[in-house]
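Engineer: output the structure for:
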Amino acid sequence: MVRRWSRLIIAGAVLWLAGCTGGPHFGDAQGWSSSQKRAFERILASDRYASLCELKPLYEEYRRTHDTRILSKLLVGYTQNLANSCIDLPAFKAAQKAREERKIHTKFTPYLQSASASTILSELRDGQNIEQILQPYIPPVPQFGRLLSVWHGGGLTPDQRRKVRLSLERAKLMKPDPEAWKTYFLVNVPEFKVRFFENGRLAFVIDTVVGQKSWQTPIFSAEMKYVVLNPTWNVPDNIARAEEIPHLLRNPSYLKRKRMVVLKSYDIDSTPVDPRRVNWRKYLRPEWKKKELPYKLVQLPAKGNALGRVKFMFPNGNFVYMHDTPMKSLFKRNYRAYSHGCIRLARPMEMLQYLAEHGYLSKDWAGVRADLDTWKLKTVSLVKPIPVHVGYFTAYVAQGGGVRFFPDIYGYDKIMQLKKAQ
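Structural biologist: So this is what the prediction gives:
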C-alpha cells in the first residue's frame, strides 16, 4: 500500500512539474488544448495573417463540424501559406517561362521556407501556443505588417485591394532572415526608388531607373560588399550581340567614340585586340546566341561611361548592380524603365558620401574623393556587407502610414494568382 501511494505521489509531482515547465502537453487526440483551439479560431475568423486563401472551404467545414482533425490541416496549411505565400507558384513559374520564350528577360527569386507538417504538429502537441508556432514564419519584411494593416483596414477599391494583397504576398516571398531587415537597401522597382534604412530608420531615398519591360530588373536579395570608383563597363555578351556589335558594324569609329576597347577577357590589364581583325558578323549568327563570346567589349573610365563615376556592387548571379549614369535627363520622367536590368541612381554621389561619412566604407570621404579624382579604376570595400533587397511593391506603405499605388510595369500583378481550393 505504501509503495502504491508513493507511486501516485511521484506521478502527481511529475504532472505538476510538466505543467510548470512546459513539458508534456495533454490535449485531445489531435493534440489540441482548449486554449490553442480558441487562439487559432480567432486567427482564422479575422484571417489575421492573410493566409487562408485556398483553405476557406476547409475552414467552413471546420466551423460546421468542429473536428480538430480538420483544424490540424488548417494549421499546417495556414502556416505554409504564411511562410511561402498564397501565390500559385507553379502557375507563376510557367508564366515566367512563357515570357522567357518571348525573349523577355525576367527573373523573380522566391525565398521559400521549410514549414513541414510534422514539425508544426509536433510543436502543437508539445504545448506551444499558436503564436509561437506561427512566429518563425511571419515575414520580417517591414512592408508585410504595414500592408497587412491596410488590408484589414478596408476602404480600398477592388484594384487597390488586389495590389495590396499581391504586394503583401510578395513580401512573404522575400528573404526571411530578420538580420537582413535591420540596416538595408530596399529597391522598389515599380516605384523607381531605392531607400536606405539604418536600424529600421529611413536614412535617404533616391530615384532610380530600372530595367525596361524586355530587360527586367530581377527581383532578389544580395549583399553589397564593395563600391567601384571610375568603373569600366564590361559589356555583357547579350548586350554586345543585341546592340554594341550592330553599332560597330554600322560605324567603324563607334568604339573609339565610346572609349571602348576589345579584350579577350574583362581583365582591363590584358592586351587589347584590334577590332578590325575580328569577324564581328560571325558572332551575330544564331549558333552564337547562347555561346560565350571570345572577345569582350570594355568601356574605359570617362565622363561618358555608361556607369558614370561609381557602381555599388552586391555580387549576384543576375549580374546587376546600382550605378551612376550620364543620362540624367531620364530622371525627369515619371516612367523610368529604360535600363538593361541594372539600377541607375539619380544621386549616386549622395549615396557614396553617406556610406563613407557614416563608417560603412573602408575609407573616409576624403580618401574616396582622392580616389575619384585620379580617374583610375579603384575599389573600396565595405566594412560590413549591407543587404540589398530588390522588391516589387505596386502598393507601398510609408513608415508614417499612408499607402501609395504604382503601375504594374512588369505585369506581375497580372500573372500572379492566389491559390484556389482543389
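Engineer: before we go further, residue 92 is sitting in a strand, right?
Structural biologist: No. Counting by DSSP: H, G, I helix; E, B strand; the rest coil, residue 92 is located in no strand; its state is helix.
Engineer: how many neighbours does residue 329 have?
Structural biologist: Neighbourhood size, residue 329 [other C-beta atoms under 10 Å]: 7. All C-beta atoms are positioned from the backbone trio N, CA, C, and that covers glycine.
Engineer: quick check: it vs residue 239, distance?
Structural biologist: When distance is defined by C-beta to C-beta, to the nearest Å, residue 329 is 21 Å away from residue 239.
Engineer: so who does the nearest residue to residue 51 once chain neighbours are set aside touch?
Structural biologist: Among residues not flanking residue 51 along the chain, residue 81 sits closest, at 3.8 Å (C-beta to C-beta, 6 or more residues apart in numbering). Residue 81 makes contacts with 51, 52, 53, 55, 419, as judged by C-beta atoms under 8 Å, 6 or more residues apart in numbering.
Engineer: gap between residue 81 and residue 302?
Structural biologist: Residue 81 sits 52 Å away from residue 302, going by C-beta to C-beta.
Engineer: residue 359 against residue 384, yeah?
Structural biologist: No. Applying C-beta atoms under 8 Å as the test, residue 359 and residue 384 come out as separate, 9.5 Å apart.
Engineer: neighbouring contacts of stretch 142-158?
Structural biologist: Residues from elsewhere that reach stretch 142-158, judged by C-beta under 8 Å, 6+ apart: 46, 49-50, 138, 161, 164-165, 167-168, 171-172, 181, 197, 200, 391, 393, 395-397, 399, 401, 403.
Engineer: quick one: buried residues of it?
Structural biologist: 142, 143, 144, 146, 147, 148, 150, 151, 156 (16 or more other C-beta atoms under 10 Å).
Engineer: biggest separation within those residues, which pair?
Structural biologist: Comparing every pair within those by C-beta to C-beta identifies 142 and 156 as the most remote, at 20.0 Å.
Engineer: for this structure, what's the longest strand?
Structural biologist: strand 378-391 (DSSP state E).
Engineer: quick one, strands of the stretch 101-250 of the chain?
Structural biologist: Taking DSSP state E, counting those that start in this stretch, the strands of the stretch 101-250 of the chain run over residues 184-188, 193-198, 201-211, 220-229, 233-234.
Engineer: so which of the ones you listed is the most surrounded?
Structural biologist: With neighbours taken as mean count of other C-beta atoms under 10 Å, these reach their highest mean count in strand 184-188, at a mean of 23.
Engineer: hang on, the earlier thing: what angle separates the longest strand of the chain from strand 201-211?
Structural biologist: For strand 378-391 against strand 201-211, the angle by axes from the mean of the first three to the mean of the last three C-alpha atoms, to 10 degrees is 90 degrees.
Engineer: closest to residue 94 out of the strands of the stretch 101-250 of the chain?
Structural biologist: The nearest among these, by C-beta to C-beta, is strand 220-229 at 19.7 Å.
Engineer: export the closest one to CSV, keeping only CA atoms.
Structural biologist: Presented in CSV, the C-alpha positions along strand 220-229 are these (Å, rounded to 0.1, in the frame of the first residue of the first chain):
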residue,chain,number,x,y,z
PHE,A,220,16.0,39.1,-55.4
SER,A,221,18.3,39.8,-52.4
ALA,A,222,22.1,40.0,-52.1
GLU,A,223,24.7,41.8,-50.0
MET,A,224,26.6,45.0,-51.0
LYS,A,225,30.3,44.3,-50.4
TYR,A,226,32.2,47.0,-52.3
VAL,A,227,32.0,50.0,-54.5
VAL,A,228,33.9,50.6,-57.7
LEU,A,229,35.1,54.2,-58.4
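Engineer: I'd like to check what contacts it. Which residues are they?
Structural biologist: The contact list for strand 220-229 (C-beta under 8 Å, 6+ apart) reads 107-109, 111, 174-175, 180, 185, 309-316, 318, 352, 355, 361, 368, 371-372, 377-382, 385-390.
Engineer: if we go to 6 Å?
Structural biologist: The contact list for strand 220-229 (C-beta atoms under 6 Å, 6 or more residues apart in numbering) reads 109, 175, 310-314, 316, 371-372, 378-382, 385-390.
Engineer: list only buried entries from those.
Structural biologist: Using 16+ other C-beta under 10 Å as the burial test, the contacts of strand 220-229 include 109, 175, 310-314, 316, 371-372, 378, 380, 382, 385-390 as buried.
Engineer: which residue is nearest the centroid of this protein?
Structural biologist: The centre of the chain sits closest to residue 220, judged by C-alpha atoms, centre = their mean, with a distance of 3.7 Å.
Engineer: what is that one paired to in the beta sheet?
Structural biologist: Counting by DSSP bridges, residue 220 is bridged to residue 390.
Engineer: and the pLDDT for it?
Structural biologist: pLDDT, residue 220: 98.
Engineer: also residue 30?
Structural biologist: In this model, residue 30 carries a pLDDT of 88.
Engineer: related to what we said a few turns ago, what pLDDT does the model give the residue nearest to residue 51?
Structural biologist: The model reports residue 81 with a pLDDT of 98.
Engineer: does it lie in a helix or a strand, and which?
Structural biologist: helix 68-84 (DSSP states H and E).
Engineer: next, the buried residues of that helix.
Structural biologist: For helix 68-84, a neighbour-count test (16+ other C-beta under 10 Å) marks 68, 70-84 as buried.
Engineer: repeat for stretch 121-139
Structural biologist: Within stretch 121-139, the residues scored as buried using 16+ other C-beta under 10 Å are 121, 123-125, 127-130, 133-134, 137-139.
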